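**Student:** show me how the following folds:
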Amino acid sequence: MLKEQVADRSRQLHMRQGADRMHSRAPSPRSTRQRDAVLKALDELDAFASAQELHWLLRRQGSRVSLSTVYRTIATLERLDLVDVVRDDKGERSYRRRDAPEHQHYLVCRQCGHSVPVPSEAFETWVTAVQQAHGFVEVQHMLDLVGLCRDCRNADRPDGHAAEPRPA
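**Tutor:** Model (predicted):
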């Protein structure tokens, strides 16, 4: 199943890029034992994970996948739109398997990593309008919403209660 998803997304990407690029010498992603291990690890996670965390998980499971292979595999999966990406407050990228046909934006807790997909239609409409107004094509973007989730915010207070909102 994983191999078919990668092959399908690769074909779709090549078709999107046009026939001239389809015949380029760029190698198409091939299935390897290491790539399959990275995909399986991503499927097992229910949260975002950095490349280093994925590498650590794979090593712990007995896989001999190198960190550079993890990075290369993630780059390929990102190019094929098979992973969602968020950045933490230090700029480190974290990944998880995409479970929706198009990319999503997330609200991510900076302390525990809990993430929630957020509606972003208005943002996407704005991006399209800006892109068209300036004559740009193939615009890529990232919207990172990072904060403290309710549980982490409450855990930081000695009484365990949520902080009162500040007056405006």
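**Student:** so after the lowest-mean-pLDDT helix or strand in the chain, what's the next helix or strand?
**Tutor:** Every helix and strand of the chain was ranked by mean pLDDT, DSSP states H and E. The lowest is helix 19-22, at a mean of 38. For helix 19-22, the following helix or strand on the C-terminal side (DSSP states H and E) is helix 33-44.
**Student:** contact partners of that next one?
**Tutor:** 2-3, 6, 29, 49, 54, 57-58, 61, 63, 65-66, 69-70, 73-74, 76-77, 83, 95-97 (C-beta atoms under 8 Å, 6 or more residues apart in numbering). For the C-beta atoms, the positions are set from N, CA and C on the backbone; glycine is no exception.
**Student:** now restrict these to buried residues only.
**Tutor:** Buried by 16 or more other C-beta atoms under 10 Å: 2, 6, 29, 49, 54, 57-58, 63, 65, 69-70, 73-74, 76-77, 83, 95-97, out of the contacts of helix 33-44.
**Student:** where strands are concerned, which of those count?
**Tutor:** When the buried ones among the contacts of helix 33-44 are checked against strands (DSSP state E), the matches are 49, 83, 95, 96, 97.
**Student:** tell me the one among those residues nearest to residue 111.
**Tutor:** residue 49 (15.7 Å; C-beta to C-beta).
**Student:** what's opposite that closest one in the beta bridge?
**Tutor:** Beta bridges link residue 49 to residue 95, judged by DSSP bridges.
**Student:** for it, what are its contacts?
**Tutor:** By C-beta under 8 Å, 6+ apart, the neighbours of residue 49 are 42, 57, 94, 95, 96.
**Student:** that one and residue 94, how far apart?
**Tutor:** 6 Å (C-beta to C-beta, to the nearest Å).
**Student:** just residue 128 next, same as before
**Tutor:** Per C-beta to C-beta, residue 128 is found 26 Å from residue 94.
**Student:** neighbour count for those two, which is higher?
**Tutor:** Using other C-beta atoms under 10 Å, the more surrounded residue of residue 128 and residue 94 is residue 94, with 23 against 11.
**Student:** need the pLDDT of the more buried one.
**Tutor:** On pLDDT, residue 94 comes in at 92.
**Student:** what's the answer for the one 3 residues further on, then?
**Tutor:** The predicted structure scores residue 97 at 89 on the pLDDT scale.
**Student:** how much space separates it from residue 85?
**Tutor:** Relative to residue 85, residue 97 is positioned 11 Å away (C-beta to C-beta).
**Student:** then residue 64?
**Tutor:** Here the distance between residue 64 and residue 85 works out to 26 Å (C-beta to C-beta).
**Student:** ok, those two, which is more surrounded?
**Tutor:** Legend: neighbour count by other C-beta under 10 Å for residue 64 and residue 85, higher for residue 85 (17 against 10).
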